[in-house]
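Engineer: return atomic coordinates for the entry below.
(chains A, B, C, D, E and F)
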Number of protein chains: 6
Amino acid sequence: MLNKNIVNFIGCEAEYEEAKIVLFGSPFDSTTSYRPGTRFGPQAMRNESYGLETYSPYQDKDLLDCKVFDSGDLELPIGDTERVLAAIEERTETIIKDGKIPFMIGGEHLVTLGSVRAAARNYPDLHIVHFDAHADLREDYLGVKLSHACVLRRSWELLGDGRIHQFGIRSGDREEFEWAKEGHVAMRKFDFDNLTETVTRLRGKPVYFTIDLDVLDPSVFPGTGTPEAGGVSFLELLKAMLKTAKGCHIVGCDVNELSPAYDGSGVSTATAGKIVRELLLALS
Amino acid sequence: MLNKNIVNFIGCEAEYEEAKIVLFGSPFDSTTSYRPGTRFGPQAMRNESYGLETYSPYQDKDLLDCKVFDSGDLELPIGDTERVLAAIEERTETIIKDGKIPFMIGGEHLVTLGSVRAAARNYPDLHIVHFDAHADLREDYLGVKLSHACVLRRSWELLGDGRIHQFGIRSGDREEFEWAKEGHVAMRKFDFDNLTETVTRLRGKPVYFTIDLDVLDPSVFPGTGTPEAGGVSFLELLKAMLKTAKGCHIVGCDVNELSPAYDGSGVSTATAGKIVRELLLALS
Amino acid sequence: MLNKNIVNFIGCEAEYEEAKIVLFGSPFDSTTSYRPGTRFGPQAMRNESYGLETYSPYQDKDLLDCKVFDSGDLELPIGDTERVLAAIEERTETIIKDGKIPFMIGGEHLVTLGSVRAAARNYPDLHIVHFDAHADLREDYLGVKLSHACVLRRSWELLGDGRIHQFGIRSGDREEFEWAKEGHVAMRKFDFDNLTETVTRLRGKPVYFTIDLDVLDPSVFPGTGTPEAGGVSFLELLKAMLKTAKGCHIVGCDVNELSPAYDGSGVSTATAGKIVRELLLALS
Amino acid sequence: MLNKNIVNFIGCEAEYEEAKIVLFGSPFDSTTSYRPGTRFGPQAMRNESYGLETYSPYQDKDLLDCKVFDSGDLELPIGDTERVLAAIEERTETIIKDGKIPFMIGGEHLVTLGSVRAAARNYPDLHIVHFDAHADLREDYLGVKLSHACVLRRSWELLGDGRIHQFGIRSGDREEFEWAKEGHVAMRKFDFDNLTETVTRLRGKPVYFTIDLDVLDPSVFPGTGTPEAGGVSFLELLKAMLKTAKGCHIVGCDVNELSPAYDGSGVSTATAGKIVRELLLALS
Amino acid sequence: MLNKNIVNFIGCEAEYEEAKIVLFGSPFDSTTSYRPGTRFGPQAMRNESYGLETYSPYQDKDLLDCKVFDSGDLELPIGDTERVLAAIEERTETIIKDGKIPFMIGGEHLVTLGSVRAAARNYPDLHIVHFDAHADLREDYLGVKLSHACVLRRSWELLGDGRIHQFGIRSGDREEFEWAKEGHVAMRKFDFDNLTETVTRLRGKPVYFTIDLDVLDPSVFPGTGTPEAGGVSFLELLKAMLKTAKGCHIVGCDVNELSPAYDGSGVSTATAGKIVRELLLALS
Amino acid sequence: MLNKNIVNFIGCEAEYEEAKIVLFGSPFDSTTSYRPGTRFGPQAMRNESYGLETYSPYQDKDLLDCKVFDSGDLELPIGDTERVLAAIEERTETIIKDGKIPFMIGGEHLVTLGSVRAAARNYPDLHIVHFDAHADLREDYLGVKLSHACVLRRSWELLGDGRIHQFGIRSGDREEFEWAKEGHVAMRKFDFDNLTETVTRLRGKPVYFTIDLDVLDPSVFPGTGTPEAGGVSFLELLKAMLKTAKGCHIVGCDVNELSPAYDGSGVSTATAGKIVRELLLALS
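Structural biologist: Residues are numbered from 1 along each chain as shown, chains lettered A, B, ... in the order given. This next block holds a predicted model:
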């Protein structure tokens, strides 16, 4: 008798019950103001993960030794943002309640809000570590409050001052930078300087870790909606990510903003997959 | 002294006051369920119109002899569908009130609903002639009612039975075809047979004319989100379009669903522009 | 508890036991002499099938009413042609032995040989109906006998004269056309004329039906390794395919030679998926 | 001892002395007003000709039986149009003087002027048969007289009224169509009707045959600078081309306006190569 | 009443009279010897500038506070190089005479010659600071003197020895490097070492600043005709550019050689736009 | 009389007899497990080499002063790996026997095995210097022993322990890294540290130098089948390559794994060509 066609991210073959980490995709990009396409990110990462190895020479670990369950992509009601966020929140809630780490792959950055809502409810002293090219701190975008450009501002409304720690920021409007300087969030422009101090300070606290892949230089990661020259290298991101994942108590995380069609070479998808692999290994 | 950079669809250089037809773009695609990208349609048609001539050997007419004003693209609040439709409705209303024909270029097909709302209010006995590959008659799409897949159903709610005349339909779910057969709309599958009769019957009545460019065969028009093999040829569409435009009292129209990035050759954009040129000429 | 990520061709959700037809993919292209890439065909058809509807207005049937099981893609030892064919033969054998129809999606055309081996053993009076741009009748290609360019010649060695019925052929070297004329196979050049007679003559006989999608005109189907101008239209292929599927006793079939990366618009993949849908419906 | 790397259009392996037809490429596109890229046409046709067969099932002839010499591409001084035309004229002159037929592959359509200059000098009663989407009859283009958009007008200046026979024309400005109607050239719009009469009338006269590949519908041939919907099919072009080549006394010819980069699928290049093959066979 | 469609580079919304800087595009690439396409550079930069912010976190300045007028693109007679240069020279002259800084966006590098002609006439002691991968110092290219490959040589003829300061050069023929060493121009290979000294020495002198974007590494900027591995990073270019713009008396400048179609990801266009934004801010 | 169309890598115009180095291409990719396409690498490098200069400012040398013969590409029996390797071995043998250095351009990495077989027979104490992202040390790949993923393991079987020196390795399965640590090969992960020591130790010994271009970071070289983030820069590779070529006694070499179609910008092909130019110059 033949088997059904089960498609996992490479090496993520655990059963749900035994899993420590649960992967899921949120294929959503409807509030993207410039170039859409991240809805195809999760499927692309999963399909193209077969060009990767399960073994990492960076960490000398193998995904086959970890316990990760891949629950596939959510089916999201494109066009109704609030219901999309509710679906993400519910999935994250389920995973947290079952004592596992939710690991979401986007999708545009707004999807983070759904996960943060669930995480913040379950971990009232939640902090966010945020790697990104863009501040995402707008009050609204052309009047739209549930926009990718506002996702950290909406998260701040849930968590309050001093809980959000941004790194790599190199784009935004003047108001975002000034609002950040008022002390609402800790923003490190351009790179990961100070990350060690941040990680030390967060020791013991629950942390949601969100990585907008456009923090990478577009030479490394062209497959994204709003490429911003002047980003960090792959090795810089890898190092910063491992430091965060190993130094903090991560209770949820996401990797988002891959828009595979903008990079015909497949490099961006392969790089996103490698980031996911390394983060999965670091969390295991 | 140097001039500002005014960018019109080729040959559309009339002043607003003298114009008979007013062009505007609605760069929106947020409810697109499969592959987004039509938000770039209006800009692409305008930019690439310079590869066209203003003269048509089909109609022996020249755009330079017509009175068309190009008012550019609406700035739409991506992520908030209802406000997007309101902006389109308002623009259409303004143009109709000024005694001109609104000519919208999309964008996904949902934008038609904004224009139809204004047209239906101003012309209570409005009919719609609809060329498309897809029926767009769903009650909802994953629970979303303001979806491109429902736009003619929403229009029917405004107009009632017998007002919508569909041609070229070759895709939909079973319910849409059955609902159509119940007599709510007149649906011609696959081609333009019966169009002459329809045009004759509509003589004197106000008609909104909406063309989803994917009615064309994807060989001719690959640059669209949901290509459906088995469509009509360019010359078949041209002939049907001229018959409708010349035989009916058109009070508003749109040409939508160009997604330029899916066709790297530029053929789809050039073809869309040629359709717009021919329809402008036919309406003049 | 969350579910695993099962990925089927749209609407192919039957359990194996109840299935009448079993789909599987053969992602292989190593003997392709010109441009490889068909190994990505099966995955692309499956992933992009979600842009299709399950309902066909051509046949007024719905895939959800059929009993099709999708067993995913074979994992093939790229680089070892004989073992690749053995794996395909074994899968086909299993499905036939279980009383179901094997429906393979390629891959390059050589994969047909694996299925034909199994079918010929189980149905000694097997005939082949073959739609293709290329004759594929070479004795060898640069000395290689297990080549896509030789697949019907190898099949002829199994079946003998008069068993292979080719349609749409418009490319080959002189020897292939002359060899065909000697009566070994029945070759119809360029189109489907005579198909009705063939179908009538084959009534009651077991038929393996193989469709090389490059029989389509490249305007309709550019995503293939060796495009040949002058092919048939989608509607011509659809009509011929339905005639064959409904008039013959099909005991196995395949649809092959989609090379998705050559068509950035996705039209070829969507068209291949529509062909698969229509053939599944016709066989149900 | 190893051989040098000689690259011919497939099957064009004759020595110069024995050749009846001499192929050469003119990789030039500097006057292209819209989208350049035809300079890469000749090399692409030659390289990709290896995806074709040398045998034609349409004519039942094989290039290996013909006597064609491929002299490669001219090295042209990009940026100096007059010297470019002089180089083309010289090459054409050489070939004609040696009693052979020059067969040029472009490049933009202006290259035809170089060849026509040589042909008109050697054959004072020269006629031109011209297949094209565009009339190319402008007096000048933004003041430039040596422009692709003027090439037939410049040719007319050499030959006079009644010598140019155009087919398939579907684009131009109003003046071109009116100037043609004054009787300077014979223009058939849209298709090949009347071609038989033209061929009959030209019997015995020396004919230069120039094919702008954009006469083809862009569905068949998207890889060109200025695609114009509504063109002829491959089979229509093939039939018209064979009629002309066999019915007229062809003393020179060209096939131009392939811009390979605009068609990532390679279909346009393959189609151009097939046209070249069929024309070479028809002239042999 | 509706407005016309005015399209500016983002944030460049000043009226001409009040402007300090005047932007204009020169969409020309007819002497490009290898791969054309830079004619589409200016339009692409302008259209895609809407993916940028007007605020720079590098300089803590906002374009909305600057006075820049965007006069759109010149309409150039493609095919007649001398008239093209004359049009550029005239536009530059107008802007200089009006006491403003001309800021040209190319186009191929030859366009610089038009601007330099006007600048040299108005500022007899003009110096040029030149960032580029290529020396552009040839006496001629296949006999063509008005070629992109000769633009700095032609500029030297206007200005004489010691006036041209090149940085980042990593490609050219042997003669160019030897001619430079003879002292005609100051050439710094590979990087920006010595730039500080150059800027210091040029203090008070009028400087024309020309940036060929291919000075960037092709990983950062693949969208150009002749990519040369081994270039500078975005941050290196940014730093060198700000040093030059702030340390020198810039009387005119240009940013050229973006060929957007070669970079499907849009990164090159976004990067070019960011360079333009930063240079505009630095000059304000 | 006109010349045949001889196409060499730029500047490689020596006659065979006088040549010191003989270039040839091996257009093969049939064992590629992930994404094929390297078969088009040799032709692309040759064609696009005309965008390069023959002069290197890095080495101050010119290809026109070297003695390189380009013998074109082998015609390989795609689909029969053993015969492919035999053809490569024979070509390499011929060149070595004639006292010249074979310089192969791939093609997938397995082609190296053909050359190493010939080199190992002629130079029994052969060492291999290997730059790559992947270890290529598997015993087999899905049971296939003649696979690109096993090429250095197969080479080790010919040469024994201590003869293979790997640099830049950043991907493989756990077994490959462990097997290497057992001392069979010397593997340097991630970069070129220790290369100087290796070169010193190899002084006087015959060395085969194989460069898999995916050792480069994918930002620099996206055009390859299996891109791996985190590679070396162009200048790092250039420096390491020159150190090896000048410090060792190179008796054969290859540059492989360019898959040009995955990089639409052409940067990867241009970079590969520049690597070939620099290596040819360094060996001269």
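
Engineer: get me the contact residues on chain A for chain B.
Structural biologist: Applying CB under 8 Å from any CB of the partner chain, one finds that chain A approaches chain B through A:29-33, A:36-37, A:39, A:75-81, A:83, A:141-144, A:146-147, A:261. From N, CA and C alone the C-beta is placed, and that goes for glycine too.

Engineer: go again using 6 Å as the cut-off
Structural biologist: A:30, A:31, A:33, A:36, A:77, A:78, A:79, A:80, A:142, A:143, A:144, A:147 (CB under 6 Å from any CB of the partner chain).

Engineer: neighbours around the residue found closest to the fourth one once you drop the neighbours it is linked to in the chain, how many?
Structural biologist: Across the structure, with CB to CB, 6 or more residues apart in numbering or on different chains as the measure, the residue nearest residue A:36 apart from its sequence neighbours is residue B:36 (4.0 Å). Residues within reach of residue B:36, counting by other CB atoms under 10 Å in any protein chain shown, total 26.

Engineer: please apply the same query to residue A:84.
Structural biologist: 26.

Engineer: residues contacting it?
Structural biologist: By CB atoms under 6 Å, 6 or more residues apart in numbering or on different chains, the contact list for residue A:84 reads A:28, A:76.

Engineer: the same query, at a cut-off of 8 Å, please.
Structural biologist: A:26, A:28, A:30, A:76, A:77, A:78, A:111, A:114 (CB atoms under 8 Å, 6 or more residues apart in numbering or on different chains).

Engineer: quickly note the distance from the residue nearest to residue A:36 to residue B:262.
Structural biologist: 10 Å (CB to CB, to the nearest Å).

Engineer: what touches both of these two?
Structural biologist: residue B:225.

Engineer: coming back round to it: hang on, the residue nearest to residue A:36 packs against residue A:28?
Structural biologist: No: checked against CB atoms under 8 Å, the pair residue B:36 and residue A:28 is beyond contact range at 11.0 Å.

Engineer: shared neighbours of those two, anything?
Structural biologist: With CB under 8 Å, 6+ apart as the test, residue B:36 and residue A:28 both reach residue A:39.

Engineer: and the closest residue to residue A:31 other than its chain neighbours, how far from chain C?
Structural biologist: Excluding the flanking residues, the one nearest residue A:31 by CB to CB, 6+ apart is residue B:79, at 3.6 Å. For residue B:79, the distance to chain C equals 23 Å [CB to the nearest CB, to the nearest Å].

Engineer: what sits against residue B:79?
Structural biologist: A:30, A:31, A:33, A:81, A:141, A:144, A:146, A:147, B:30.

Engineer: check which helix or strand covers it.
Structural biologist: For residue B:79, there is no host helix or strand (DSSP states H and E).

Engineer: again, but for the one 5 residues further on
Structural biologist: Using DSSP H and E, residue B:84 maps to helix B:81-97.

Engineer: now that helix: buried residues?
Structural biologist: Buried residues in helix B:81-97, counted by 16 or more other CB atoms under 10 Å in any protein chain shown: B:81, B:84, B:85, B:87, B:88, B:89, B:91, B:92, B:93, B:94, B:95, B:96.

Engineer: show me where pLDDT drops low in the stretch 101-250 of chain A?
Structural biologist: Within the stretch 101-250 of chain A, no stretch falls below the threshold (pLDDT under 70).
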